[in-house]
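> generate a structure from the sequence data that follows.
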Amino acid sequence: MIGISLGSQNTVVGVLKNSNVEIILSETSSRGVPTVSSFSDRQRYFGDQAISTIKSNFNRSVLYPNRWLGVQPDWPFLKEEAKFCTLQPTVDKHNKVGFEITYKGEQDVYYPEQIMGLFFNKLKQNWKKAGFDTREVVVSVPDYCSAYERKSLADALTIADLHCINLVNESSAIALNYGLFRRTQFEDTKPRIVAFIDMGQSSTTISFGSFTKNSQKVISVTSERFLGAREFDYLLMEHFSNIFKNKYGCNPMNSAKCRLRLIDAIAKTRKILTSNKEASLSVESLMEDEDLNYNLTRDEFEKIISPVLEKFRNLMKSALTNLSNDASKLYY
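Here you go, the predicted structure:
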């Protein structure tokens, strides 16, 4: 049986082998496969291949396709999710959200379930090449996903001819991973209360687990659908686009290709700032043959992303409130 950790940026595939979990590497020998799809005139690309073509094929590339599973036209967060896309979603005559793509000379609307089905099929090819010929899978999903979103994910797996044994909440998977290898450390009756903070590319979940030698369970979960690394990057992109606009009179935010190049440079700079007090941001010929060069300090970085940091603080307060009286029993 295959385990799939479905992330909005990368997807990791593992298999239980000799009592250990073996990660199935991607075509580029990476532990994760980028959750991206891209279409050209003659081919469909997924994962690493899609990443390599996305900057030249941005108007036929779908970023974060799993985030669109089960999304309805009247959902309040649709516009918020769409701002991270290079190819904007459309609503077809059946009142379903999809992406209008030209492939092999024909223009058609591809639904998220179809795109993710093709993506899962690509993953299946990878694990078959690694010697694991199975259709049975377990897939992790964010705790906040509705029943409709889970149904759409199940439909995508069916399209890929995969048999879904279970959809596991991410908080349950994290707690299981923690408790499975630490059982000897727990007491018989007094539970150990542990906090887990899972901030990914697009969302954050704070969960609390209770562990004894004979039992383990998730006792509280608090999630925010729009709180992740891409929110940091988007605020920085707006900030540097304004600087560029004021200096050169043109706005990179108006060009999907420029946004992709800028966001790529910002993500690299952000990672450098995790261990350094300052980092250089440089993008050659960003727009109209003009370059962007900037020396960003960590203090300035934290000031720019302060709205997201405040959002995280509020999420943490809500999580502790939901935990109620057990907050004083947290394990440190």
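
> excluding chain neighbours, what is closest to residue 318?
Leaving out its chain neighbours, the residue that sits closest to residue 318 by Cβ to Cβ, 6 or more residues apart in numbering is residue 222, at 5.2 Å. C-beta: built from backbone N, CA, C; applies to glycine.

> element containing that neighbour?
Secondary structure from DSSP states H and E places residue 222 in strand 216-224.

> so how far is that strand off the chain centroid?
Centre-to-centre, strand 216-224 and its host chain are 19 Å apart (Cα atoms, centre = their mean, to the nearest Å).

> now do the next helix or strand after that strand, average pLDDT.
Using DSSP H and E, the next helix or strand after strand 216-224 towards the C-terminus is helix 229-248. Averaging pLDDT along helix 229-248 gives 97.

> what angle sits between the helix or strand that helix 229-248 is followed by and helix 229-248?
Next in sequence after helix 229-248, counting helices and strands by DSSP H and E, comes helix 256-272. Between the axis of helix 256-272 and that of helix 229-248 there is an angle of 120 degrees, by axes from the mean of the first three to the mean of the last three Cα atoms, to 10 degrees.

> next SSE downstream of helix 256-272?
The helix or strand immediately downstream of helix 256-272 is strand 278-287, counting by DSSP H and E.

> chain neighbours aside, what residue packs nearest to the residue nearest the centre of the chain?
Taking Cα atoms, centre = their mean, the centroid of the chain lies closest to residue 8, which sits 1.9 Å from it. Take residue 8 and drop its neighbours on the chain: the residue closest to it by Cβ to Cβ, 6+ apart is residue 202, 4.2 Å away.

> how close does that neighbour sit to residue 224?
10 Å (Cβ to Cβ, to the nearest Å).

> and what of residue 107?
Applying Cβ to Cβ, the value for residue 107 to residue 224 is 36 Å.

> ramachandran angles for residue 103?
Torsion angles at residue 103 (phi, psi; degrees, to the nearest 10) stand at phi -140, psi 130.

> show me the beta-bridge partners of it.
Applying DSSP bridges to residue 103 gives these bridge partners: residue 106.

> can you give me the strands for the stretch 1-150 of the chain?
With DSSP state E, counting those that start in this stretch, the ranges of strands along the stretch 1-150 of the chain come out as 2-6, 10-17, 20-23, 32-34, 36-39, 44-46, 61-63, 90-91, 97-103, 106-110, 136-141.

> and for residue 105, the neighbour number?
By the measure other Cβ atoms under 10 Å, the count of residues near residue 105 is 7.

> go ahead and confirm it touches residue 41.
Yes. Using Cβ atoms under 8 Å, residue 105 is in contact with residue 41, at 7.2 Å.

> about what we covered before: so what touches the strand holding residue 222?
For strand 216-224, the surrounding residues in contact (Cβ atoms under 8 Å, 6 or more residues apart in numbering) are 142-144, 169, 171-172, 175-176, 179, 193, 203-210, 311, 315, 318-319, 322-323, 326.

> quick one, what contacts the nearest residue to residue 187 once chain neighbours are set aside?
Sequence neighbours aside, residue 212 is the residue nearest to residue 187 in space, at 6.2 Å (criterion: Cβ to Cβ, 6+ apart). Residue 212 makes contacts with 186, 187, 188, 189, 190, 191, 192, as judged by Cβ under 8 Å, 6+ apart.

> can I have the buried ones of the residues you listed as a PyMOL selection?
Listed next is the PyMOL selection for buried residues among these, using 16 or more other Cβ atoms under 10 Å:
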select buried, resi 186+191+192
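
> so which of the contacts of residue 212 are in helices?
Judged by DSSP state H, helices contain none of the contacts of residue 212.

> can I get the contacts of residue 212 in a markdown table including pLDDT and distance to residue 123?
Listed next are the contacts of residue 212 as a markdown table, based on pLDDT from 0 to 100; distance: Cβ to Cβ, whole Å:
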| residue | pLDDT | distance to residue 123 |
| --- | --- | --- |
| 186 | 92 | 35 |
| 187 | 91 | 40 |
| 188 | 91 | 41 |
| 189 | 89 | 43 |
| 190 | 90 | 42 |
| 191 | 91 | 37 |
| 192 | 92 | 35 |
